[in-house]
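**Q** just to be clear, the model below is a prediction. Sequence and coordinates:
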Amino acid sequence: MIPIVKPTEMEQEIFELELDSFMPDMALDAHAHMWAGTPTYGEASELSPWTEEDMTVAKFRELMTDFMPGRTFGGIMLALPMGAHGLPPATHDTVTFQAEHIASEANPDPLCGSTMFISPKLDPDYVRQEVQRLNINGLKCYHTESERRPTSDSDIPEYLPEEFIRIAHDFGMTVTLHMVKPRAVADPSNQHWIRTYCEKYPNMNMVLAHAARSFNPVWAMEGIASLKGLPNVYCDTAAIGEVGACEAIIENLGHDRLVWATDFPLTHWRGNYVAFGNTHFWVGSDYVHDDKQDEYVFHGLEQLRVIKQAAWHQRLNDSQVEDIFFNNLGGLLDMTG
């Protein structure tokens, strides 16, 4: 269970001293999770892994402004990854239950977009019908729905079939892709399928989660240049703990292809992802036992530090920083500040 907790005095001080003057007044989160509480049917009774209450737009804003005060937040409200983190696999019932909640929360809000989880197990015609009925803005997939074992070795079409990309193209939607394979965006198969989908379906905008899943920045440094020339590819910064991946994206694709994101509610974990060798690891108070237990801070703050460092190293001006936090994603979702 992920604790939803209040910031400490130290966390408040870090934001005030390091980040308050850097972060724009308005911010759109390209990767914020939203969920409904306890459904009334069978196997979906565990659909709320973090709280027993529904996560609403109002609650999301309250929790974000707790440690980033004075900001107005919005963004893409992502469905939970079915089949992962103890959640049941995707069915028409479980997916629709979450999509209805997200749409009811996000669609009336001018700064929020709604999403629906998709899986190869779902009928594409059903997904198309629900996208139209609920006025869904984006699709979200996850590798745990692949038939391959281990699912972390899956090719993209094994958990994101082309039929769903076609739906996103037809309705001008975003598709949030958490790619897998050991080297993520540096893997030739991932590069091939991203380019194939984006070139064939130009009215679909693909958001590559976690800086093209470059928790280890070496993967972005090696692979992100392969995606040059694709105007419908964006990279979100969700849960990225080191600056190298964001710098590689800015240098190769441009700052206008980077969108701020948090992986909320992971913002409220205390710790950070660190890279070593050809992998990465979560270092935090729940996983590492040392004499610095009280020094870990919200992951959301560590992520902001990464964006600030990347902006400084790349000599971005205030307007370009505002693009990353608001305008890039706002343009995709037809939002204005």
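**A** That came through fine. Residues are numbered from 1 along each chain as shown.

**Q** C-alpha from now on. contacts and neighbour counts both.
**A** Fine.

**Q** just the CA coordinates for the one helix or strand residue 13 maps to, please, in CSV.
**A** For residue 13, the host element (DSSP states H and E) is helix 9-14. Only the C-alpha atoms of helix 9-14 are listed here, as CSV (Å, rounded to 0.1, in the frame of the first residue of the first chain):
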residue,chain,number,x,y,z
GLU,A,9,9.0,20.5,7.7
MET,A,10,12.1,19.5,5.8
GLU,A,11,10.2,18.8,2.6
GLN,A,12,8.4,22.1,2.8
GLU,A,13,11.7,23.8,3.3
ILE,A,14,13.2,22.1,0.2
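
**Q** average pLDDT for it?
**A** Averaging pLDDT along helix 9-14 gives 97.

**Q** what does stretch 321-336 give?
**A** 92.

**Q** which parts of it are buried?
**A** 321-330, 333, 335 (16 or more other Cα atoms under 10 Å).

**Q** which other helices and strands contact the next helix or strand after the helix holding residue 13?
**A** In the C-terminal direction, the helix or strand that comes right after helix 9-14 (DSSP H and E) is strand 26-33. On a contact count with 3 or more Cα pairs under 8 Å, 6 or more residues apart in numbering; DSSP states H and E, strand 26-33 meets strand 72-78, helix 328-332.

**Q** what would these look like in JSON lines with distance to residue 196?
**A** Output for the helices and strands packed on strand 26-33, formatted as JSON lines (distance: least, Cα to Cα, whole Å):
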{"stretch": "strand 72-78", "distance to residue 196": "24"}
{"stretch": "helix 328-332", "distance to residue 196": "20"}
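
**Q** mind listing what residue 174 touches?
**A** 137-139, 168, 204-207, 332 (Cα atoms under 8 Å, 6 or more residues apart in numbering).

**Q** please read the previous query as pertaining to residue 25.
**A** 70-72.

**Q** just the buried ones out of the residues you listed, please.
**A** Judged by 16+ other Cα under 10 Å, buried ones among the contacts of residue 25: residue 72.

**Q** including distance to residue 158, could the contacts of residue 25 go into TSV?
**A** Output for the contacts of residue 25, formatted as TSV (distance: Cα to Cα, whole Å):
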residue	distance to residue 158
70	43
71	39
72	38
